[in-house]
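K.L.:
here are the coordinates; sequence isn't available:
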């Protein structure tokens, strides 16, 4: 079965949906924004830890069963519905996956239980410019006898303004653009030489520029083999893109539901505006796109769990289509709400702002279209 | 699944595999050729003699209609066994033995709404490909507004008398029988429609092929002048035909969307990306040199992939008993867009080679593409226009209200 959830995953989904609805409604993001928290939310982090959401893909015993990425995808979809700012994508998905794929037994034993318990959060410090381009890494890590010295600038790091730990992608060999020569490092965010410039982003989730100046780490900070970081990074970014697509599916679904409700309530010319055919057809097209994207996200999540060879292709499919969906639905949500959609007090604008950030993360639609074509030999 | 069920299924698989190996003729394991498709009926000529053998052998076991009950000539298979059969047929690349509106549309509707006598009379001939059926739905004045149909059906005591005209009747000139929507009450709209069956050789029936922009004539105008029809050939109740008509449309839309409008388009045809690689060329990394066309092809291929994943998802959900209502309209809409985009991109990639009409000066595959491109324009019209499908989605699925 590719598309159906197990009973356990179904229960997890229900729990996550109820939690997002009751504890993390859109008003919660609004409150965080208006109080200047910029996406930092210790109370929510604590609740997520209590629910066990940080450990969804971490087995209790090594090799044990988990809810899988399919399970985590349900939680991300749920938090996407209400635009919640949580550390789950960076920590529960990206960091846990990176450690599982590339971590030594000692690294896994040290970090995975802490991740699962919500005791530590991570951020992947990857991008160095305004566009996703995972091989264009100029940040350098030089061996210094006992370990490495890292110098470079990471920009627009999601969760970089509040994570406890960073996974820094640096170059130990070659030139920016080379696939060979990348290495991944576990770096405490409070290490000497790490400076964090907090960013206020349009979606109110926040982010950070992170400058690394002569940051010294020991040899055991290296995650995976030196110079071979791309072997971990590429499948890791596929998983990140799939997780991001799951979150976007939730956001798009919620924006669509909100739009549909408005169409069924707002009257003009003595008619429900939802009775106008021009709006009906646009709603129907959005629904078709939603359903088709849902299939892509579900297939990508399942492929990631079963370790199929087409994960990369499905990751690009899911992220590209989710990006286009989020773009379309968030724009239509504003437009169909008319003047109210332009106001800060209404939610459509929040969905549109968040959509643009989601679209850019881990590869835009055009980035993934290009990759999809390359993977298919044209 | 219980172990015994699994065992039984595996036994069935082994037997099926053995039978197919022994009975599927060699040429029936090669890709279908356009002119070797078997539609059955009294006019079927079987260009490839092995196609006849293959149909007879499959029909003998009821495997042209695997899930229909045995007493009507079907295979009596469970859904799981049918799946195994399809998998085993795919494994040896066996061709479908029979293409048939009877199998895809009329048969399923008759199983649901026909009486026992009608089922015993009509279904076995469909299974064996002895009778070819056509669909009398659209009329000159009733296209998207199908229920506005005017073909009259009068009760003359011991028979019905039919007068009127149908249009877009697929292959009416090649069909033996027609399942037809007729008006039995002119004072009401939907509640005045009946579903009736008759022989296309009946006096007063005339089918005239319509020449399309593609140069082909798959559809006809069909005229009925004082056609006498025995009373036992009306299905369901008098004035109760609309319910059957709608159900049959669901079967039609599912069969169209499942097939994705005609599959490969025939032998000797390449994908848009392969044509583009040939005609435009690639860079040192194998990328099509026209970056704009390349992106649009990739976008289309992703749409097609998303479409097939959606078909798979709905199949899985349906098997698990989850609600998938009204998804037929989503798929019909998507299938039309997908196929039209595909052929537009194909002829664009072919360049001038895709703009030939006939003759030896053009690539043979390219000529087929040109015709397929033209033919595909009907995909968003036939079987419910895309606009009607969007109406159905917005009203029945999304619950948007009618204009007051």
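P.N.:
Sure thing, it's come through. Quick caveat, the model's predicted, so the values are computed rather than measured.
K.L.:
make it CA atoms for all contacts and neighbour counts henceforth
P.N.:
Noted.
K.L.:
following the least confident helix or strand in chain B by mean pLDDT, which helix or strand shows up next?
P.N.:
For chain B, scoring each helix and strand by mean pLDDT, DSSP states H and E identifies helix B:241-259 as the least confident one, at a mean of 82. Downstream of helix B:241-259, the next assigned helix or strand under DSSP states H and E is helix B:272-280.
K.L.:
which residue ranges form the strands in the chain?
P.N.:
Defaulting to chain A. Assigned by DSSP state E, the strands in chain A fall at A:122-125, A:140-143, A:147-157, A:165-171, A:182-188, A:194-199, A:207-218, A:222-223, A:267-268, A:271-272.
K.L.:
oops, I was thinking of chain B
P.N.:
B:133-136, B:152-155, B:159-170, B:177-183, B:193-199, B:205-210, B:219-230, B:234-235.
K.L.:
if we can go back for a sec, the least confident helix or strand of chain B relative to strand B:177-183, how many degrees between them?
P.N.:
Put simply, helix B:241-259 runs at 130 degrees to strand B:177-183, going by axes from the mean of the first three to the mean of the last three C-alpha atoms, to 10 degrees.
K.L.:
wait, does helix B:241-259 make contact with chain A?
P.N.:
No. Using C-alpha under 8 Å from any C-alpha of the partner chain, helix B:241-259 stays clear of chain A, with a minimum separation of 13.8 Å.
K.L.:
got the contact list for residue A:253?
P.N.:
Residue A:253 sits next to A:81, A:290 when contact means C-alpha atoms under 8 Å, 6 or more residues apart in numbering or on different chains.
K.L.:
ditto for residue B:167
P.N.:
Counting by C-alpha under 8 Å, 6+ apart, residue B:167 makes contact with B:136-140, B:219-222.
K.L.:
who are the neighbours in contact with the residue nearest to it when sequence neighbours are not counted?
P.N.:
Nearest non-adjacent residue to residue B:167, counting by C-alpha to C-alpha, 6 or more residues apart in numbering or on different chains: residue B:221, 4.4 Å away. Contact partners of residue B:221, counting by C-alpha under 8 Å, 6+ apart, are B:165-169, B:207-210.
K.L.:
Could you do residue B:169 as well?
P.N.:
The contact partners of residue B:169, by C-alpha under 8 Å, 6+ apart, come to B:134-138, B:219-222.
K.L.:
is it possible to export these to CSV including pLDDT and distance to residue B:334?
P.N.:
Conversion of those to CSV gives the following (pLDDT from 0 to 100; distance: C-alpha to C-alpha, whole Å):
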residue, pLDDT, distance to residue B:334
B:134, 97, 25
B:135, 96, 23
B:136, 96, 25
B:137, 95, 23
B:138, 94, 22
B:219, 92, 23
B:220, 96, 26
B:221, 96, 28
B:222, 97, 30
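K.L.:
Against residue B:158, how distant is the residue of chain B most remote from its centre?
P.N.:
Centroid-distance maximum for chain B: residue B:284 at 43.0 Å, with C-alpha atoms, centre = their mean. Separation of residue B:284 from residue B:158 (C-alpha to C-alpha, to the nearest Å) stands at 78 Å.
K.L.:
got it, and residue A:64?
P.N.:
For residue A:64, the distance to residue B:158 - C-alpha to C-alpha - is 75 Å.
K.L.:
Over to residue A:317?
P.N.:
Distance of residue A:317 to residue B:158, given as C-alpha to C-alpha: 62 Å.
K.L.:
who has more neighbours, those two?
P.N.:
It is residue A:317, of residue A:317 and residue B:158, that has more neighbours when counted by other C-alpha atoms under 10 Å in any protein chain shown, with 32 against 10.
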